[in-house]
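here is the input, now give the coordinates:
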Amino acid sequence: MKLENMRAYDCVSEKFLRIPNIQRYEVKNRTEDGFQFEIELEDGFIFRMRAYMLTQIYPSTILEFCSNEKHILSESVLVAPYVSDRSAEICREKQLGYFDYAGNCWFTAHSIYISERGNINSFVVKQRQNSFFDRSSTVSSLILRELFADYRKIWRLKYLAEQVGCSIGQVSKLMTYLIKNAWAEKTETGYAIIEPEKLMREWSKGYGKKEPEICSCYSLDSIPEIEKKLRKIRQENGIAYYLSGFSGGVRYTPVVRYNKIHVFLSPEDIHETLQLLELKRVDSGSNVIIFPITDTACLKNSRIMNHDSVVSPVQIYLDCMQLKGRGEEMAESILNKVILK
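Predicted coordinates for the structure are as follows:
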């Protein structure tokens, strides 16, 4: 018997054989795509299940499986080397059992309920597509920002490529990844985002994996005075700035008070700005955080609001999700009241 098959059998049997009220667990026969097993409880009740063995599971794989009329979900389980959090979430929503080789699983039938999560999986394959959400992935970032300019729109690859200034192939790779993870779907007329909130959350996780380069500063001035001086140096010295974090977020939805400014500046303007604002670099206790602009993706869809330059709601969401304190609260408000309105 192949080692891969043995792992699949073992990861299922190991869970059921630990349950006290199971009298018998038995693999009845092998099938082309898995195996059938039978469970007998102490009270004599017997039920039969069919396990489908897959080498890879994507959320789209699960949705396709569930839509296939030949599969009886209450009598089926999926077995794979690795099941992502997103895939596991969909399985639970669809009441479809799953098992992975690391021992993560979910199953419910009759009087049995099994759930185990958080086991580190050595079988996960590091896929290049995961870099789509990285802070340094400029092209994919621009495409995602274009999509969220109007997430209800049906998009064509050629149009997206023209808007962003990249190749159709680059757009196609990203959209394929979004479809595999069931955040988007392909329709007769183009591509559509179907899970915008979940997509934004996943993007923020990838975006936050790498710490950004920052310049932490302190000013004796109050926050309103610092913001007033920023406007003045833009007018008098031509230094462009873009508010983000809490200071940018309140321009869209004033849900929190803030005592720290987050601002994007061109690297060549930072030194002059420090002098003009009389800012002192500090290791702790900062009230001004400067993000050097390393690429222009962060400035896409920025705007002027009440005489202040502010980055887009998408950028504010990504930045606030990385902030301690009430950052997530600010991000959620931006997401629900501005991005997804």
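
who does the longest strand along the chain touch, helix- and strand-wise?
Longest strand in the chain, counting residues (DSSP state E): strand 22-31. If contacts are counted by 3 or more CB pairs under 8 Å, 6 or more residues apart in numbering; DSSP states H and E, strand 22-31 sits against helix 3-16, strand 34-41. For the C-beta atoms, the positions are set from N, CA and C on the backbone; glycine is no exception.

so which of these gets nearest residue 313?
Among the helices and strands packed on strand 22-31, helix 3-16 comes nearest to residue 313, with 43.1 Å by CB to CB.

would a markdown table of the helices and strands packed on strand 22-31 with mean pLDDT, distance to residue 319 and mean neighbour count be doable?
Formatted as a markdown table, the helices and strands packed on strand 22-31 follow (pLDDT from 0 to 100; distance: least, CB to CB, whole Å; neighbours: other CB atoms under 10 Å):
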| stretch | mean pLDDT | distance to residue 319 | mean neighbour count |
| --- | --- | --- | --- |
| helix 3-16 | 86 | 40 | 16 |
| strand 34-41 | 94 | 45 | 17 |
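
before we move on, back to that, between the longest strand of the chain and helix 3-16, how big is the angle?
160 degrees (axes from the mean of the first three to the mean of the last three CA atoms, to 10 degrees).

partners of strand 22-31, with directions?
In the sheet, strand 22-31 lines up against strand 34-41 (antiparallel) (DSSP bridges).

so which elements touch the helix or strand following the partner strand?
Where DSSP states H and E defines the elements, the next helix or strand beyond strand 34-41 is strand 46-53. Packing contacts for strand 46-53, counted by 3+ CB pairs under 8 Å, 6+ apart, involve helix 3-16, strand 34-41, strand 76-80.

which strand or helix spans the residue nearest in space to the middle of the chain?
For the chain, the residue sitting closest to the mean C-alpha position, by CA atoms, centre = their mean, is residue 202 at 0.3 Å. Using DSSP H and E, residue 202 sits in helix 196-207.

mean confidence score for that helix?
Mean pLDDT, helix 196-207: 95.

export that helix as CSV, just CAs?
Extracted as CSV, the C-alpha positions of helix 196-207 are listed here (Å, rounded to 0.1, in the frame of the first residue of the first chain):
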residue,chain,number,x,y,z
PRO,A,196,-14.8,41.1,-0.3
GLU,A,197,-14.6,41.2,3.5
LYS,A,198,-12.8,37.9,3.8
LEU,A,199,-10.4,38.9,1.0
MET,A,200,-9.6,42.1,2.7
ARG,A,201,-8.9,40.3,6.0
GLU,A,202,-6.6,37.8,4.3
TRP,A,203,-4.8,40.6,2.4
SER,A,204,-4.2,42.5,5.7
LYS,A,205,-2.6,39.3,7.2
GLY,A,206,-0.2,39.0,4.3
TYR,A,207,0.5,42.7,4.3
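
all strands for the stretch 51-200 of the chain, in order.
76-80, 97-100, 105-109, 112-116, 184-186, 191-193 (DSSP state E, counting those that start in this stretch).

now tabulate the ones you listed in a markdown table and tack on distance to residue 57 and mean neighbour count.
A markdown table is the format used below for the strands of the stretch 51-200 of the chain (distance: least, CB to CB, whole Å; neighbours: other CB atoms under 10 Å):
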| stretch | distance to residue 57 | mean neighbour count |
| --- | --- | --- |
| strand 76-80 | 4 | 21 |
| strand 97-100 | 8 | 25 |
| strand 105-109 | 13 | 18 |
| strand 112-116 | 17 | 13 |
| strand 184-186 | 18 | 17 |
| strand 191-193 | 22 | 21 |
